[in-house]
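Peer 1: Take a look and give me a structure for this.
(2 chains)
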Number of protein chains: 2
Amino acid sequence: MDDTRARILVQALGDHQVRARRSLNLTPSENTMSPLARLPLALDVYSRYFFDHMRLFGSWSFYGALEPGRIEQEVLAPLLRESALADHVDTRPISGLNCMTVAMAALCPPGGTMYVLPVAGGGHMSTASVAARLGIRTVPLPMSGHHDLDLDRLEALLKSDPPDLVYVDQSTQLFPLDPKPLRDLVDRHAPAALIHYDSSHTNGLILGGVLANPLERGAHTFGGSTHKTLPGPHKGFLATNDPCLAERIGTISADFVSHHHLGEVVSLAVTMVELKECGGAHYARAVVDNARILARDLHCRGLEVAASDRGFTDCHQVWVRARAGTDPDRAADRMREQGLLVNKLSGLPGLDGAAFRLSVAELTRLGAGAGHMGVLAAALDPLLSGTPQDVTAEVAGLRSELSTPRYCHGSAEVAAMGAPPEMVDLMHAIESANAAG
Amino acid sequence: MDDTRARILVQALGDHQVRARRSLNLTPSENTMSPLARLPLALDVYSRYFFDHMRLFGSWSFYGALEPGRIEQEVLAPLLRESALADHVDTRPISGLNCMTVAMAALCPPGGTMYVLPVAGGGHMSTASVAARLGIRTVPLPMSGHHDLDLDRLEALLKSDPPDLVYVDQSTQLFPLDPKPLRDLVDRHAPAALIHYDSSHTNGLILGGVLANPLERGAHTFGGSTHKTLPGPHKGFLATNDPCLAERIGTISADFVSHHHLGEVVSLAVTMVELKECGGAHYARAVVDNARILARDLHCRGLEVAASDRGFTDCHQVWVRARAGTDPDRAADRMREQGLLVNKLSGLPGLDGAAFRLSVAELTRLGAGAGHMGVLAAALDPLLSGTPQDVTAEVAGLRSELSTPRYCHGSAEVAAMGAPPEMVDLMHAIESANAAG
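Peer 2: Below you'll find the model as predicted:
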């Protein structure tokens, strides 16, 4: 048997895993999952379909996953409703972009008008294109500076060109927008318009209670992906308190999504359970605290950190530039070689050229506190400054202290809950294979 | 700590896994994955982003998964091009419905006309609704009987109401449609029209070489999901030989898909490698052979099997009804209790009432041959006939012979390829946890 390609693949997968186990990840769109949240992805349930035909039509059609289907209905949905402060949640979407497509298609009619955040204001790059293909005209929300809406110009715009939907989608953000002033203006000047808040980046902070709930602040609907500050799988959800909007979303999601990716459904249920039972509120608080500490440390070292005039950040993101004369590409390459994996972007609102959009969510998930932020800042400084100092040992030390996810259940606990032995063995192997090493 | 909900979840997940390990699955939209294909879903790579910004923009933006990114570009894409006989493949889509949305949005303009298979002709239930929200008018393809196009009426339709796109999406099928006669008529009467062949159900049979390649038979583009007869993860692909169509698809997929779900990208690469290196052609041939043997066995036992006048099936699906007087719901419940997991549908083309849409793909994947089909037919017969006979022992015997996936690499081989020890241990735990037991 010629297994040349299998060898190439296994080698690359192994190389990546070895690197991951000695690196720390600072990419805002990523996080690390708990061993129990990874478990269903490696089990039979991943391959099965669950559709609630019994409730809808009075009998089952797909018989291969009735027990895991109960997890979607009896664990995931109630927990999401509880944490999202929403009467209705839709757990069909399979990704953040899938959420976006469903939300727009459900909430804005073809030929309708939708306000969106401009990319220069932190909006997602795909929003306007997806809208266009759905027959939706987009109008940029007026910004005041780099992080806020210009409410005066917004008021004028609402009068002159009222929208069907306002789609608030900060993917590059330091200060999550408050929907409340927007809602007040909408109610006054365009009362038929809806506000959807795409919370993909901040779901862990919202559901963990450190950021305000968008529905309480006036959004009609909110939701998004579940793998960024919320340390879950690739899934999505949409939440609302309005039964009519829930029905519109449900009609579209039933068309645009077939099966809900049941492995990820169970994995998201695990993530929500652990957020509730294992200190998710503490995690969410610590993410924001750590982000501010890291930002201040970097600032005090003389690096250019965005928004130093207003406390740097209210979420997980910290934006920092390399020192003048230091090539950002070279800096990012050196970071990777020395164990720091980052996200480098051009056009961060208010920063010229390529800069670093960092997140402390994953480190916090691994147990990082204020002290670790100081060590991290000290390791980042020479790399952002182009000095020859090598910080491999410092990063390795940090990684060994931040070895495995906290705020979650371990395999010993899961064994005590009565899991079958082979399932516990598998979970233990997942823990070992993904721990620092 | 209150871990009530974790206990409910772990219990349901464990119950499902125990049931799965003593059951056989006959659902056409499902299959079982190889241990190596499951592995990346439990590793770090699952949580990472890969975007090919180096090629597109000259430098990386996301640094967390450069090695696995090479797997997408240097293993998955070339293998798919090779197996799909296509110059261009798009590996961005994350599901079958995502493929459908991208294909329609890319290949049919808003306001355009698209022919679709009617649901009564085996078409997918979502096709017309997704099209409608994309501003596409749908016209049903004229059928002759339950399994074929009516080419005379099609010719008249092409003259009177020429389409922009013909979307061939058999999801409930016994005889995969040949695009060739359709293409001949399209070229003659509507030469601007495109033909897209949604191969979600039959990708394993097409890429395994037992069914004709849709591009060779005249489709302009084809593709779909990767977890049915192709025993892979939840992903999708779109293939074509036309560079302009590839560009149109790529433009839309870049908007409608953010990251490509990298764990699944690697898992699909494993699936394609194993199809190539571990006897995929034999598997594909055996699926169709087994389906015909099972159908004939059931027919000879006096059960009503669809299409007995034309050899029952040319693919993985076999449609059979319970005997008169036997309640299909009760039959399906008893099957589940005794270890046979099925798909029961109303409205199968040509069959009245609820009937069973079975597939032998997963059993074949587990190594089933002709002899196993006879045992399976003997086990299904009393359940479809409402007789009190219990077949739990017969099913258990079959399951123990069909314990783990064949046509794939085992953990010992992967160890010999140089995988890190903890990765091999994890793969071994995946094998053990999912084997019959």
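
Peer 1: What confidence value was assigned to the spatially closest residue to residue A:42 that is not a sequence neighbour?
Peer 2: Residue nearest to residue A:42 in three dimensions, not counting chain neighbours: residue B:42, with 4.2 Å by CB to CB, 6 or more residues apart in numbering or on different chains. Where you see a C-beta, it was placed from the backbone N, CA and C, and this is true even at glycine. In this model, residue B:42 is scored at 98, pLDDT.

Peer 1: what does the stretch 101-250 of chain A put close to chain B?
Peer 2: Proximity of the stretch 101-250 of chain A to chain B, by CB under 8 Å from any CB of the partner chain, involves residues A:101, A:105, A:110, A:126, A:129, A:130, A:133, A:134, A:135, A:227, A:233, A:234.

Peer 1: how does it look with 10 Å?
Peer 2: Residues of the stretch 101-250 of chain A lying close to chain B by CB under 10 Å from any CB of the partner chain are A:101-102, A:104-106, A:109-111, A:124-135, A:171, A:200, A:225, A:227, A:231-234.

Peer 1: how much space between residue A:173 and chain B?
Peer 2: Residue A:173 sits 16 Å away from chain B, going by CB to the nearest CB, to the nearest Å.

Peer 1: Assign a three-state SS to that residue, would you?
Peer 2: Under DSSP: H, G, I helix; E, B strand; the rest coil, residue A:173 falls in the coil class.

Peer 1: if we can go back for a sec, select only the buried ones of the residues of the stretch 101-250 of chain A next to chain B in PyMOL?
Peer 2: To isolate the buried ones among these in PyMOL, judged by 16 or more other CB atoms under 10 Å in any protein chain shown, type:
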select buried, chain A and resi 101+102+104+105+106+124+126+127+128+129+130+131+133+134+135+171+200+225+227+231+232+233+234
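
Peer 1: Just the ones of the residues of the stretch 101-250 of chain A next to chain B in strands?
Peer 2: residue A:225 (DSSP state E).

Peer 1: Can you name the residues that contact the residue in the stretch 101-250 of chain A that chain B sits nearest to?
Peer 2: In the stretch 101-250 of chain A, the residue that lies nearest chain B is residue A:129 (3.9 Å; CB to the nearest CB). Residues near residue A:129 by CB atoms under 10 Å, 6 or more residues apart in numbering or on different chains: A:138, B:251, B:252, B:254, B:255, B:256.

Peer 1: Neighbours of the residue nearest to residue A:42, how many?
Peer 2: Counted with other CB atoms under 10 Å in any protein chain shown, the neighbours of residue B:42 add up to 28.

Peer 1: which ones are touching it?
Peer 2: A:33, A:35, A:38-43, A:426-427, A:429-430, A:433-434, B:263, B:423, B:426-427, B:429-430.

Peer 1: next one: residue A:17
Peer 2: A:433-434, A:437, B:39-40, B:43-45, B:67-68, B:419-420, B:422-423, B:426.

Peer 1: For it, grab phi and psi.
Peer 2: Main-chain torsions, residue A:17, degrees, to the nearest 10: phi -60, psi -40.

Peer 1: Distance check, it against residue B:48.
Peer 2: Look at residue A:17 and residue B:48: by CB to CB, to the nearest Å, they are 11 Å apart.

Peer 1: what touches both of these two?
Peer 2: Common contact partners of residue A:17 and residue B:48 (CB under 10 Å, 6+ apart): B:67, B:68.

Peer 1: what about the residue in the stretch 251-400 of chain A that chain B sits nearest to, which SS state?
Peer 2: Nearest to chain B in the stretch 251-400 of chain A, going by CB to the nearest CB, is residue A:255, at a distance of 3.9 Å. Judged by three-state DSSP, the three-state class of residue A:255 is helix.

Peer 1: what do you get for residue A:318?
Peer 2: Strictly by three-state DSSP, residue A:318 counts as strand.

Peer 1: follow-up on the earlier one: pull out the buried members of the contacts of residue B:42.
Peer 2: Of those, these count as buried by 16+ other CB under 10 Å: A:33, A:35, A:38-43, A:426-427, A:429-430, A:433-434, B:263, B:423, B:426-427, B:429-430.

Peer 1: who's in contact with residue A:173?
Peer 2: By CB under 10 Å, 6+ apart, the neighbours of residue A:173 are A:28, A:117, A:121-123, A:147, A:201-202, A:313-317, A:319, A:349, A:357.

Peer 1: Sort out which one of those residues lies nearest residue B:91 for me.
Peer 2: Residue B:91 lies nearest to residue A:28 out of the contacts of residue A:173, by CB to CB, at 24.3 Å.

Peer 1: The residue lying closest to the closest one once chain neighbours are set aside bridge partners, please.
Peer 2: Spatial nearest neighbour of residue A:28, excluding adjacent residues (CB to CB, 6+ apart): residue A:359 at 3.7 Å. Here residue A:359 sits in beta bridges with residue A:317, going by DSSP bridges.

Peer 1: list the contacts for residue A:359?
Peer 2: A:25-31, A:201, A:228-229, A:287, A:290-291, A:294, A:313, A:315-318, A:342-343.

Peer 1: among those residues, which are in strands?
Peer 2: The strands, defined by DSSP E, take in A:25, A:317, A:318 from those.

Peer 1: mean confidence for stretch A:308-320?
Peer 2: Mean predicted confidence for stretch A:308-320 is 98.

Peer 1: mind saving the C-alpha coords of that stretch as CSV?
Peer 2: Taking Å, rounded to 0.1, in the frame of the first residue of the first chain, the C-alpha atoms of stretch A:308-320 are listed here in CSV:
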residue,chain,number,x,y,z
SER,A,308,-4.8,54.6,26.0
ASP,A,309,-7.0,57.7,26.6
ARG,A,310,-10.0,55.6,27.7
GLY,A,311,-8.8,52.6,29.5
PHE,A,312,-7.6,50.5,26.5
THR,A,313,-10.5,48.0,26.3
ASP,A,314,-13.8,46.8,27.7
CYS,A,315,-13.6,43.3,26.3
HIS,A,316,-11.0,40.6,25.4
GLN,A,317,-9.2,42.5,22.7
VAL,A,318,-6.0,44.6,23.0
TRP,A,319,-4.5,46.3,20.0
VAL,A,320,-0.8,47.1,19.9
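
Peer 1: Just the buried positions in that stretch, please.
Peer 2: Quick answer for stretch A:308-320 (16+ other CB under 10 Å): A:312, A:313, A:314, A:315, A:316, A:317, A:318, A:319, A:320.

Peer 1: Kindly report the same for stretch A:323-342.
Peer 2: Buried-residue list, stretch A:323-342, by 16+ other CB under 10 Å: A:323, A:326, A:328, A:331-336, A:338-342.

Peer 1: Residue A:70 against residue A:55, yeah?
Peer 2: No: the pair residue A:70 and residue A:55 fails to qualify as a contact (CB atoms under 10 Å) at a distance of 11.7 Å.

Peer 1: what residue ranges in chain A score low on pLDDT?
Peer 2: Within chain A, the stretches with pLDDT under 70 are A:1.

Peer 1: My guess is residue A:336 contacts residue A:392. True?
Peer 2: No: counting by CB under 10 Å, residue A:336 sits too far from residue A:392 to count as a contact (11.3 Å).

Peer 1: Distance-wise, check the residue most central in space within chain A relative to residue A:198.
Peer 2: Geometric centre of chain A, nearest residue: residue A:228, 2.5 Å, by CA atoms, centre = their mean. Distance, residue A:228 to residue A:198, using CB to CB: 12 Å.

Peer 1: so what's in contact with the two at the same time?
Peer 2: Shared between the contact lists of residue A:228 and residue A:198 (criterion: CB under 10 Å, 6+ apart) are residues A:96, A:171.

Peer 1: hey, where'd the strands end up in chain A?
Peer 2: Using DSSP E, the strands found in chain A span residues A:24-25, A:88-90, A:113-116, A:137-140, A:143-144, A:148-149, A:165-168, A:194-198, A:221-225, A:236-240, A:317-320, A:340-341, A:344-346, A:354-359.
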